[in-house]
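A.B. asks: Pasting a predicted model and its sequence here:
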Amino acid sequence: MSLEQRLADLSAEAAACRRELEILEEQLRFQSDASEEARIRALVSETPLADREADEAGRDLARLTRVRDEVAGRLERINAEIDRLLDEAGPALR
(Lines give C-alpha, C1' and ligand atoms only; values in the text may rest on other atoms or scores of the structure.)
Protein backbone atom coordinates (compact mmCIF):
# COMPACT_ATOMS: atom_id res chain seq x y z
CA MET A 1 0.00 0.00 0.00
CA SER A 2 1.37 3.39 -0.92
CA LEU A 3 2.05 6.06 1.66
CA GLU A 4 -0.63 8.29 0.15
CA GLN A 5 -3.21 5.50 0.32
CA ARG A 6 -2.27 4.69 3.92
CA LEU A 7 -2.62 8.36 4.88
CA ALA A 8 -5.99 8.57 3.10
CA ASP A 9 -7.20 5.45 4.91
CA LEU A 10 -6.04 6.77 8.28
CA SER A 11 -7.66 10.15 7.60
CA ALA A 12 -10.96 8.46 6.79
CA GLU A 13 -10.69 6.37 9.95
CA ALA A 14 -9.94 9.50 12.00
CA ALA A 15 -12.99 11.25 10.53
CA ALA A 16 -15.17 8.27 11.44
CA CYS A 17 -13.80 8.33 14.99
CA ARG A 18 -14.55 12.05 15.29
CA ARG A 19 -18.14 11.47 14.15
CA GLU A 20 -18.49 8.60 16.61
CA LEU A 21 -17.12 10.80 19.40
CA GLU A 22 -19.67 13.52 18.62
CA ILE A 23 -22.48 10.97 18.94
CA LEU A 24 -21.04 9.50 22.13
CA GLU A 25 -20.66 12.96 23.68
CA GLU A 26 -24.32 13.68 22.97
CA GLN A 27 -25.32 10.32 24.46
CA LEU A 28 -23.15 11.02 27.50
CA ARG A 29 -24.82 14.38 28.11
CA PHE A 30 -28.24 12.73 27.96
CA GLN A 31 -27.23 9.77 30.14
CA SER A 32 -25.53 12.03 32.66
CA ASP A 33 -28.77 13.98 33.07
CA ALA A 34 -30.79 10.75 33.29
CA SER A 35 -28.40 9.31 35.86
CA GLU A 36 -28.57 12.44 38.00
CA GLU A 37 -32.38 12.46 37.85
CA ALA A 38 -32.51 8.78 38.82
CA ARG A 39 -30.13 9.41 41.70
CA ILE A 40 -32.28 12.24 43.01
CA ARG A 41 -35.46 10.15 42.64
CA ALA A 42 -33.79 7.37 44.61
CA LEU A 43 -32.82 9.78 47.38
CA VAL A 44 -36.31 11.25 47.59
CA SER A 45 -38.37 8.09 47.23
CA GLU A 46 -36.10 5.72 49.18
CA THR A 47 -37.54 2.66 47.41
CA PRO A 48 -35.66 -0.41 46.17
CA LEU A 49 -36.98 0.15 42.63
CA ALA A 50 -35.69 3.72 42.53
CA ASP A 51 -32.35 2.53 43.90
CA ARG A 52 -32.08 -0.11 41.17
CA GLU A 53 -32.98 2.42 38.48
CA ALA A 54 -30.33 4.82 39.79
CA ASP A 55 -27.75 2.02 39.85
CA GLU A 56 -28.64 0.99 36.31
CA ALA A 57 -28.43 4.58 35.05
CA GLY A 58 -25.03 4.93 36.72
CA ARG A 59 -23.78 1.72 35.11
CA ASP A 60 -25.02 2.92 31.70
CA LEU A 61 -23.19 6.20 32.19
CA ALA A 62 -19.98 4.37 33.15
CA ARG A 63 -20.27 2.08 30.11
CA LEU A 64 -20.76 5.02 27.74
CA THR A 65 -17.81 6.80 29.33
CA ARG A 66 -15.59 3.74 28.76
CA VAL A 67 -16.69 3.51 25.12
CA ARG A 68 -16.05 7.22 24.59
CA ASP A 69 -12.60 6.89 26.16
CA GLU A 70 -11.79 3.91 23.93
CA VAL A 71 -12.79 5.81 20.78
CA ALA A 72 -10.84 8.88 21.92
CA GLY A 73 -7.80 6.69 22.48
CA ARG A 74 -8.20 5.12 19.05
CA LEU A 75 -8.39 8.59 17.48
CA GLU A 76 -5.27 9.64 19.38
CA ARG A 77 -3.37 6.59 18.07
CA ILE A 78 -4.56 7.24 14.51
CA ASN A 79 -3.43 10.86 14.68
CA ALA A 80 -0.05 9.77 16.07
CA GLU A 81 0.33 7.30 13.19
CA ILE A 82 -0.53 10.01 10.67
CA ASP A 83 2.07 12.31 12.24
CA ARG A 84 4.66 9.53 12.21
CA LEU A 85 4.05 8.77 8.54
CA LEU A 86 4.22 12.43 7.62
CA ASP A 87 7.46 12.84 9.56
CA GLU A 88 8.96 9.83 7.79
CA ALA A 89 7.84 11.11 4.39
CA GLY A 90 9.49 14.43 4.98
CA PRO A 91 8.57 17.80 3.51
CA ALA A 92 7.38 16.30 0.23
CA LEU A 93 3.95 15.49 1.69
CA ARG A 94 3.56 18.39 4.11
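C.D. replies: That came through, no problem.
A.B. asks: ranges for the helices of this protein?
C.D. replies: Taking DSSP state H, the helices of the chain run over residues 3-45, 48-89.
A.B. asks: Need the mean per-residue confidence for the shortest one.
C.D. replies: In this case it means helix 48-89. Mean pLDDT, computed over helix 48-89, is 96.
A.B. asks: which helices and strands does it pack with?
C.D. replies: helix 3-45 (3 or more C-beta pairs under 8 Å, 6 or more residues apart in numbering; DSSP states H and E). Glycine gets a C-beta too; all of them are placed from N, C-alpha and C.
A.B. asks: Quick one: the helices of the chain as a markdown table, columns for mean neighbour count too.
C.D. replies: Shown next, in a markdown table, are the helices of the chain (neighbours: other C-beta atoms under 10 Å):
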| stretch | mean neighbour count |
| --- | --- |
| helix 3-45 | 14 |
| helix 48-89 | 14 |
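A.B. asks: Pull the contacting residues for the residue positioned nearest the centre of the chain.
C.D. replies: Centroid-nearest residue in the chain, with C-alpha atoms, centre = their mean: R68, separated by 2.0 Å. Applying C-beta atoms under 8 Å, 6 or more residues apart in numbering to R68 gives the contacts L21, L24, E25, L28.
A.B. asks: measure L10 to A80 for me?
C.D. replies: 10 Å (C-beta to C-beta, to the nearest Å).
A.B. asks: ditto for R19
C.D. replies: In terms of C-beta to C-beta, R19 sits 19 Å off from A80.
A.B. asks: got it, and A42?
C.D. replies: Applying C-beta to C-beta to A42 and A80 gives a distance of 42 Å.
A.B. asks: same deal with R59?
C.D. replies: Separation of R59 from A80 (C-beta to C-beta): 32 Å.
A.B. asks: and if you look at F30?
C.D. replies: 31 Å.
A.B. asks: And E53, by the same measure?
C.D. replies: 41 Å.
A.B. asks: Kindly report the same for S45.
C.D. replies: Distance from S45 to A80, by C-beta to C-beta: 48 Å.
A.B. asks: residues in contact with the residue nearest to T65 when sequence neighbours are not counted?
C.D. replies: Setting aside the residues directly before and after it, T65 is nearest to L28 in space (C-beta to C-beta, 6 or more residues apart in numbering), at 6.6 Å. Residues in contact with L28, defined by C-beta under 8 Å, 6+ apart, are L61, L64, T65, R68.
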